[in-house]
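Participant: I need the structure of the sequence given here:
(one chain, ligands or ions: 1)
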Amino acid sequence: MAEIKKRKSSFLFLPEMRFFWLFFVFVLFSLVAGFFYLSESWVFFDLAILLILGVIIILVYSFRSARVNLAVKVEKTQLSNIITDLYDAVIAYDPNFKVLIFNKAAEKIFNVSAADIIGEYFTPEKAKDRRFSFLCQILFPSLAPLVVRRSEDVTGLQVSDFSFEDPRYDLRVATSKIIDSEGNLLGFVKVIRDRTRELGILRSKSEFIEIAAHQLRTPLTGMLWGWETLSKEDLSKEQMEIAKSGLAATKIAIENVSDLLDVAKIEEGKFDYQFEEIDLISFISEVFEGFIDLARQTNIKLFFQKPKEKEIKVAADKHKLSIVLSNLITNAIKYNVENGQVTVALTKLNNQPFAQIIIKDTGIGIPAKDAQRLFTKFFRAENAVKSVTEGIGLGLYITKNIVKAHGGEIWVESEVNRGSTFYITLPTDRSLIPSKTAQIMEEY
Ligand code: ADP
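Facilitator: Next up, the predicted model:
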């Protein structure tokens with residue numbers, strides 16, 4: 001539309017109008033000259049030509065502006081049709097909350113007709129009217145029961161998730177400002193996506209996993225107890241091997257079930273955190289100690305490089321953080337090579353409110369093409385599948401969630417057949433830990 005406006009204002013100065021202007025100046029000049037030197041009839045002739053030129057200008061101008069108006073009209077109609085038929089609800093309103101646009105999808109979600117809304121001024125008090133109460137909660141988010149702010153980017157686009165219980169509604173609302181070319185605020189536009197069905201499916205999937213995992217856990221715990229008891233008996237060498245492999249397989253099955261349960265909880269937003277102040281040095285030492293036996297049995301050398309500080313305090317959920325460390329150290333041992341090494345290091349970052357944990361191994365490494373997918377659900381790199389058959393690819397997904405919920409970051413550097421280094425940062429400043437509601441999964 002901006003282009004049309006430009007074309008419209010500059011039409012008299014288009015290159016093809018050059019000859020027209022030259023002729024116009026010539027006629028004007030001959031008219032002035034005619035007054036002083038030529039006959040009366042010549043002056044009339046000049047005036048007639050000027051008149052004809054004037055009429056031509058008006059005709060050309062009207063024709064062009066009619067064309068421009070038609071183009072603007074077509075563009076406007078197309079735009080309005082697009083907005084009307086959009087799958088997402090669109091509501092636009094001015095700074096006084098007078099509604100300007102309310103499309104079909106908005107009518108469907110809010111169960112009110114556009115005719116009752118467009119031109120109306122909205123205030124929080126209007127929420128008392130049952131017809132407008134739902135809409136008011138979107139226009140004035142402080143009235144809504146649960147709002148999770150997702151992002152606010154530099155362009156001012158603000159994305160929030162709204163959840164309502166009765167009836168169930170999950171809406172993602174993107175709000176942006178309408179600003180004119182001089183920077184004046186003209187209003188706001190909200191684009192609302194109804195995610196009720198999508199999240200409902202996700203929820204029932206998670207519920208299914210949760211129920212199935214719960215049902216499996218009880219018999220597996222019984223089996224574990226049985227194998228443990230059996231392996232303490234006086235058995236023949238062969239029988240002892242069977243008992244030990246039964247015990248190992250049951251332990252893996254229990255770990256997998258526990259990972260599935262954790263994932264289901266994460267996706268349902270039920271993975272609760274109990275933060276307390278801990279000293280990272282003694283905490284990591286404790287977890288580290290627990291791996292010394294496993295490292296010895298698998299011929300891996302295990303080191304812990306302590307920081308120069310006496311203690312590094314962070315706010316953390318001890319149980320969740322031990323899941324993170326256990327996953328990373330287990331992987332570093334599991335995906336290592338014969339006589340390999342694993343080094344766990346802790347440092348306090350200079351001039352930054354973060355501690356950094358590094359877990360470095362000399363193992364099989366991660367192919368560059370897989371690095372992006374490493375922290376997604378059920379992903380296992382091909383070289384890992386070949387070297388270790390067990391594993392369901394949930395550990396790093398859970399790990400990343402826990403680190404993020406602590407306000408930290410996790411990333412990896414790796415080279416195939418040379419080893420991998422996982423880095424974790426954790427804030428030493430409690431205010432950098434995100435609020436509880438913001439911990440719901442990114443994929444939601
Ligand atoms: P799992 O170990 O059960 O496969 P994880 O989520 O812990 O699941 O790891 C996902 C994948 O990341 C692994 O299958 C493997 O491909 C890769 N991976 C993780 N840690 C390492 C490591 N230290 N060295 C090499 N590959 C690794």
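Participant: of all the residues in the stretch 51-200 of the chain, which ones are close to the ligand?
Facilitator: With the criterion set to Cβ under 6 Å from any ligand atom, the stretch 51-200 of the chain never comes near the ligand. Glycine gets a C-beta too; all of them are placed from N, C-alpha and C.
Participant: Where does pLDDT dip in the stretch 51-200 of the chain?
Facilitator: For the stretch 51-200 of the chain, the stretches flagged by pLDDT under 70 are 152-155.
Participant: secondary structure element for the residue in it that the ligand sits nearest to?
Facilitator: Distances between the stretch 51-200 of the chain and the ligand by Cβ to the nearest ligand atom are smallest at L199, namely 24.6 Å. Assigned by DSSP states H and E, L199 belongs to helix 196-231.
Participant: need the next SSE after that helix, C-terminal direction.
Facilitator: With elements assigned by DSSP H and E, the helix or strand that comes after helix 196-231 is helix 237-268.
Participant: list the buried ones in that next one?
Facilitator: Buried residues in helix 237-268, counted by 16 or more other Cβ atoms under 10 Å: 243, 246-247, 250, 253-268.
Participant: by contact count, what packs against the helix holding L199?
Facilitator: If contacts are counted by 3 or more Cβ pairs under 8 Å, 6 or more residues apart in numbering; DSSP states H and E, helix 196-231 sits against strand 169-179, helix 237-268.
Participant: by contact count, what packs against the helix or strand harbouring E75?
Facilitator: Take DSSP H and E as the rule and E75 turns out to sit in helix 40-85. Here helix 40-85 touches helix 2-9, helix 18-37, going by 3+ Cβ pairs under 8 Å, 6+ apart.
Participant: Give me the domain ranges for this structure.
Facilitator: 2-84, 89-194, 199-268, 276-441 (automatic domain parsing).
Participant: Measure how the helix holding L199 sits relative to strand 169-179, angle-wise.
Facilitator: For helix 196-231 against strand 169-179, the angle by axes from the mean of the first three to the mean of the last three Cα atoms, to 10 degrees is 130 degrees.
Participant: Pull out the buried residues from helix 196-231.
Facilitator: Buried, per 16+ other Cβ under 10 Å, within helix 196-231: 196, 199, 202-203, 206, 209-210, 213, 216-217, 220, 223-224, 227, 230-231.
Participant: and the helices and strands packed on helix 40-85, which one's lowest on average pLDDT?
Facilitator: Sorting the helices and strands packed on helix 40-85 by mean pLDDT places helix 2-9 lowest, at a mean of 45.
Participant: who's in contact with N256?
Facilitator: 392, 394 (Cβ atoms under 8 Å, 6 or more residues apart in numbering).
Participant: quick one: the helix or strand hosting T425 to chain centroid distance?
Facilitator: Taking DSSP H and E as the criterion, T425 maps to strand 419-427. Taking Cα atoms, centre = their mean, to the nearest Å, the mean C-alpha location of strand 419-427 is offset from the chain mean by 22 Å.
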